[in-house]
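Q: Let me see the structure of the following:
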Amino acid sequence: MDTNPSIRSIAGYAELPLDTLDAEKIEAVWCYTPLVEGRQLVLPDGRMDLVVHCAVTPQGIAKPVLLVIAGPTQTPTVVALRPQTVILGVRFHIGWGGACLGIAPSAVRNRTVVGSEVERCLGLLAREILVQNTLLGVESALRSVAGALASRARAAPAHGRVLHVLDCMQRDTEGEGVVTSWGLPSARTLRRDMMAVVGLPLRTLAGILRFQRAMALLVTGTASIGEVAIAAGYADQSHMTREFRRFGGFTPAVPTPAPLVRLAP
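A: Predicted structure coming up:
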């Protein structure tokens, strides 16, 4: 049960098919339609998003009013919701947002880039989105821009090392603790590479992935809190509660509804 009535549930959130977009670099195309005015909790997930806020008239005309780049975050944030708006977004896989957008992830950690700053980053691609006047047109343009951004992104050697580690971290409940067993040059090198490619400290990212894994288990309702703690890789239930307060602002017993990323199998 949501104990904060000013933060609404996630009924208006949906993920759309990727279609021809590069699934290695782009995780999801999503749409959020606020049903009422209020606030929505957004949990840290280690990703970066390119977002378009659209104003929708009663006649169905949709005008892009704001471009946003959301950087990787270490804490939960709250987004203001307004009726007669639709929010469309592209979520990049961890480690690919900075490469695709041409931004150092650490430069946008715990912040959002908005308006003209995003337009400067996207260059002529921004206009492709901003000239649209229907939701279908905005979505199509956003997909086109995301495809162009993904096609120009390249992985440097450090990038490749980080992507390998990320794949292991998303599949292993021990997270950072198994880094030393992966045959990498050094933990110090990995931490430096992680900051450059993802924009978050290695230990923080490991905690975020563990938190997201636990949240996904909790929402299924098939396991007790203690069982979730063990399955997600926490030392004990108290450890999980501390990290839930850090990354979610709530406890495992009373989680606040929020969109969750799909985890690697």
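
Q: Span of stretch 34-49 from start to end?
A: 18 Å (CA to CA, to the nearest Å).

Q: Let me know the average pLDDT across it.
A: Averaging pLDDT along stretch 34-49 gives 88.

Q: do the same with stretch 118-138
A: 95.

Q: so how far is it off the chain centroid?
A: Taking CA atoms, centre = their mean, to the nearest Å, one finds stretch 118-138 lying 21 Å from the centre of the chain it belongs to.

Q: all numbers from here: first residue = 487
A: All right, first residue 487 from here; so that's stretch 604-624.

Q: contacting residues around that stretch?
A: 536, 538, 540, 542, 546-550, 553-555, 572, 574, 587-589, 599, 626-628, 630-631, 634-635 (CB atoms under 8 Å, 6 or more residues apart in numbering). C-beta coordinates here come from the backbone N, C-alpha and C atoms, glycine included.

Q: hmm, try it at 10 Å
A: By CB atoms under 10 Å, 6 or more residues apart in numbering, the residues outside stretch 604-624 that reach it are 517, 519, 536-538, 540, 542-543, 546-555, 572, 574, 587-589, 594, 598-599, 602, 625-628, 630-632, 634-635.

Q: Next step: these restricted to helices.
A: Within the contacts of stretch 604-624, residues falling in helices by DSSP state H are 587, 602, 625-628, 630-632, 634-635.

Q: Quick check: buried residues in stretch 618-635?
A: Neighbour-count burial for stretch 618-635 flags 618, 621, 624-625, 627-629, 631-633, 635 (criterion: 16 or more other CB atoms under 10 Å).

Q: now those as a markdown table including distance to residue 512?
A: Formatted as a markdown table, those follow (distance: CB to CB, whole Å):
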| residue | distance to residue 512 |
| --- | --- |
| 618 | 20 |
| 621 | 19 |
| 624 | 17 |
| 625 | 14 |
| 627 | 15 |
| 628 | 11 |
| 629 | 9 |
| 631 | 11 |
| 632 | 6 |
| 633 | 8 |
| 635 | 9 |
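
Q: Of all pairs in the residues you listed, which one spans the longest distance?
A: Pairwise distances across the buried residues of stretch 618-635 (CB to CB) peak at 20.8 Å, for the pair 621 and 635.

Q: my read: residue 646 touches residue 585, true?
A: No: using CB atoms under 10 Å, residue 646 makes no contact with residue 585, being 11.3 Å away.

Q: And the two? Which one has more around it.
A: More neighbours surround residue 585 than the other of residue 646 and residue 585, with 21 against 13 (other CB atoms under 10 Å).

Q: now stretch 681-696: mean pLDDT?
A: 94.

Q: do the same with stretch 638-648
A: Stretch 638-648 shows a mean pLDDT of 85.

Q: hey, C-alpha coordinates of that stretch in CSV?
A: Output of stretch 638-648 as CSV, limited to C-alpha atoms (Å, rounded to 0.1, in the frame of the first residue of the first chain):
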residue,chain,number,x,y,z
ARG,A,638,27.3,6.8,-34.0
ALA,A,639,28.2,5.4,-30.6
ARG,A,640,31.4,3.4,-30.4
ALA,A,641,32.9,1.4,-27.5
ALA,A,642,36.5,2.2,-26.5
PRO,A,643,38.6,-0.5,-24.8
ALA,A,644,37.7,0.8,-21.4
HIS,A,645,34.0,0.7,-22.5
GLY,A,646,34.3,-2.9,-23.5
ARG,A,647,35.7,-3.9,-20.1
VAL,A,648,32.9,-2.1,-18.3
